[in-house]
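Peer 1: structure for the following, please:
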Amino acid sequence: MSGSGEVIGAILILIGAIFSLISAIGNVRLPDVYTRSHAASKSSTLGVLCALVGTLLYFIISDGFFSIRLILGIFFVFLTAPVAAHVICRAAYRHKVPLTEESAQDELKDYYRENEIRESEDKASFVMDQGK
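Peer 2: Numbers count the residues shown, from 1 in each chain. Okay, here's the model as predicted:
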């Protein structure tokens with residue numbers, strides 16, 4: 001029975017390695033920071049999770065050893081990688097890193113333009129209030 005556990009663990013680790021390879025290729029091939037962060041966050045997270053779950057299953061089935069460290073690793077990778085990619089993309093957009101020319105639309109352009117107008121109006125009214 002432990003032979004099947006080793007096979008299941010090995011298959012999950014192999015799938016994780018394939019997803020990590022796809023992530024690395026996406027980081028090299030994709031044109032801008034936004035699409036690269038998508039490749040880095042989605043597929044590498046899935047790759048690391050598959051590898052960690054495969055390792056966890058291998059140790060549970062073959063050795064009967066349950067590792068809380070692997071569970072914590074799975075949890076923290078699942079939680080932090082997408083959030084970090086989102087924050088990086090948001091910072092890049094706020095610093096006006098250009099989208100690739102192939103991008104179909106920029107949905108945030110109007111939102112940030114309205115906020116800039118609102119902020120400049122607030123600053124102007126604050127300056128006028130200070131002058132009184």
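Peer 1: run through the residues that contact the spatially closest residue to residue 52 that is not a sequence neighbour.
Peer 2: The spatial neighbour of residue 52 that comes closest, neighbours along the chain excluded (C-beta to C-beta, 6 or more residues apart in numbering), is residue 74 at 4.9 Å. Just so you know, the C-beta spots here come from the backbone N, C-alpha and C atoms, and that holds for glycine as well. Remark: with contacts taken as C-beta atoms under 8 Å, 6 or more residues apart in numbering, residue 74 is in contact with 49, 52, 53, 56.
Peer 1: what strand or helix carries the last one?
Peer 2: Here residue 56 is covered by helix 44-58, with elements defined by DSSP states H and E.
Peer 1: what packs against that helix?
Peer 2: Contact partners of helix 44-58 among helices and strands, from 3 or more C-beta pairs under 8 Å, 6 or more residues apart in numbering; DSSP states H and E: helix 2-29, helix 68-94.
Peer 1: just want the phi and psi numbers for residue 97.
Peer 2: Note on residue 97: its backbone torsions stand at phi -70, psi 130 [degrees, to the nearest 10].
Peer 1: for it, which non-adjacent residue is spatially closest?
Peer 2: Excluding the flanking residues, the one nearest residue 97 by C-beta to C-beta, 6+ apart is residue 33, at 5.6 Å.
Peer 1: correct me if wrong: the one you found contacts residue 85.
Peer 2: No. Here residue 33 lies out of contact with residue 85, judged by C-beta atoms under 8 Å, at a distance of 10.2 Å.
Peer 1: quick one on the thing from earlier: with just CA atoms, put the helix holding residue 56 into CSV.
Peer 2: Output of helix 44-58 as CSV, limited to C-alpha atoms (Å, rounded to 0.1, in the frame of the first residue of the first chain):
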residue,chain,number,x,y,z
SER,A,44,4.0,29.2,-9.3
THR,A,45,1.5,29.2,-6.4
LEU,A,46,-0.2,26.2,-7.9
GLY,A,47,3.2,24.5,-8.5
VAL,A,48,4.5,25.0,-5.0
LEU,A,49,1.2,23.9,-3.5
CYS,A,50,1.2,20.7,-5.6
ALA,A,51,4.8,20.0,-4.5
LEU,A,52,4.0,20.6,-0.9
VAL,A,53,0.8,18.5,-0.9
GLY,A,54,2.7,15.7,-2.7
THR,A,55,5.4,15.8,0.0
LEU,A,56,2.8,15.9,2.7
LEU,A,57,0.9,12.9,1.2
TYR,A,58,4.2,11.0,0.7
